[in-house]
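> Structure of the sequence below:
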Amino acid sequence: MALIDRILKEGSKQADEIEVVYGEGSSVSADLKQRTVRLASRSDDCGLAIRVIRNGRIGSSTTNDPENWKRCLDAAVASANLATSQPWNGLPGPSAEIAEDTLCFDPSISLEPPIVRNLLTTMLDGAGSHKAEVTSASASLSVGTMTIANSAGLLATSRNTGVSISMEAIAGQSTGSEFDQSCFMDVNPYNVGEKATFFAARSAGGKEIATGSYDIILSPVAYAELLGGVFVPALSGRNVHAGRSRLADSLGKEVMDPRFSLYDDPRLQKGLGSALRDGEGVPTRRVDFVDKGILRSFAYDLRTAYRYGKATTGNAVRGGASGGTSIGHHNLVFDGPRSDIAQEPAIYVHSVIGAHTANPMSGDFSVEMANAFHMEAGSFGEPVRSAMLAGNVFDMHHNIVGISREVRQIGSLLLPSIRVAGLRVIGK
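This next block holds a predicted model:
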């Protein structure tokens, strides 16, 4: 706190407003190569970010060495001097109703190597359920604290913990992988190991599929790759006003099947992105981007909102203390009526390869299906040999005919499996 106070005092002499973010964290992790520990480590890090506003000119700088705060401050001021002036209505002040943020904090998590070892061992136990070889696995635990303060009187601290596990396996020419992550100690390492070897073993011996249109079930993993790469960026106010969003002229219009909604729930208990304040210190709230198929809102941070005469939605996110802010989301939820979407014949796709090549403006995509199977009556059937899946992410949301009862957390996305009618499969 003494460091933050000193920076605020010095920065206030050189700028109209100043914001300081300081974070520190520790982690322990271990990686397996096959069944042998290849690397085990502990790391401790810290970061400092400074942002200044002077006559509507915004400048920022970061460092991983807080002792160099003066140089960091000078760099922020220098960048502000070079910036273009824009409308600016002030940094957020304190909110008495918001206490210390512990939505993502599990006090039972301690950075003990035996805990990491147990996570790896339990994954290996699960992997023994199917005839496949483990190629790699990893487990990590982390604990961190972040404090944001500014010259408007804001001072807020958040604590967070994290658990992350993953495994990859192979059976002949077929591979499989699985992961789990949480801010609480509620991951399921046995299931991760079992699923990784299941997908590797079950995908072996797949057969060609004829080119045509099929009902496709996208797992939460596959859906996240397409949603996150195309639809989510189109909700950014910055992209909207820069002409980089297909949804720019769609407010108040139907952008998906009217049974479904897409919203950000930043105060969800145990959500990986949960926060009482966003990356700029603005109190968070639920934001309904799509309500029963109708586009209702775009996402804004302070800078973009002020520039275009809008109000911030509390959607500034920060990539660690030494990272700058950007427009994003906290816990993006896709919701609607649930059903048993796998009872009728469909092609199940666990993951896709090449989602990053999708066109973020048009929404067109052509990706390789990975760990795909014929599915009927809720059971996996014959595996599908390598084939391509093609379509349009925006159009796809008008053709969702059902979503699963189960929901999975993929980073800051909380998604069901979705069933889409009439997607194009390019096979034999």
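> switch to C-alpha atoms for all contacts and neighbour counts from now on
Noted.
> Would you mark the buried spots in the worst-scoring helix or strand of the chain on mean pLDDT?
Ranked by mean pLDDT, DSSP states H and E, the helix or strand of the chain with the weakest confidence is strand 101-104, at a mean of 88. By neighbour count with 16 or more other Cα atoms under 10 Å, strand 101-104 contains the buried residues 101, 102, 103, 104.
> Return it as PDB; C-alpha atoms alone will do.
Extracted in PDB, the C-alpha atoms of strand 101-104 (Å, rounded to 0.1, in the frame of the first residue of the first chain):
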ATOM      1  CA  ASP A 101     -13.700  -9.800  -3.700                       C
ATOM      2  CA  THR A 102     -13.300 -13.500  -2.900                       C
ATOM      3  CA  LEU A 103     -15.700 -14.900  -5.500                       C
ATOM      4  CA  CYS A 104     -12.800 -16.800  -7.100                       C
END
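> any residues touching that strand, and which ones?
With contacts defined as Cα atoms under 8 Å, 6 or more residues apart in numbering, strand 101-104 is touched by 157-161, 183-184, 267-276.
> Separate out the buried members of these.
157-161, 183-184, 267-268, 270-276.
> just the residues you listed: which has the poorest pLDDT?
Confidence by pLDDT is poorest for residue 270 among these, given 89.
> Excluding covalently adjacent residues, which one is nearest to it?
residue 104 (5.8 Å; Cα to Cα, 6 or more residues apart in numbering).
> distance of the one you found from residue 160?
Per Cα to Cα, to the nearest Å, residue 104 is found 5 Å from residue 160.
> Could you do residue 307 as well?
32 Å.
> what's near enough to touch residue 157?
With Cα under 8 Å, 6+ apart, residue 157 has these contacts: 100, 101, 145, 146, 147, 148.
> Now list the buried members of those.
Buried, going by 16+ other Cα under 10 Å: 101, 145, 146, 147, 148, out of those.
> who touches the second one in this structure?
I take that to be residue 145. Residues in contact with residue 145, defined by Cα under 8 Å, 6+ apart, are 23, 24, 25, 157, 158, 159, 160.
> Mind checking which of those residues land in strands?
The members of the contacts of residue 145 that map onto strands under DSSP state E are 23, 24, 25, 157, 158, 159, 160.
> which of those residues sit farthest apart?
25 and 157 (13.3 Å; Cα to Cα).
> what ranges of the stretch 1-150 of the chain fall below the confidence cut-off?
96-97, 99 (pLDDT under 70).
> again, but for the stretch 301-428 of the chain
Applying pLDDT under 70 to the stretch 301-428 of the chain picks out no residues at all.
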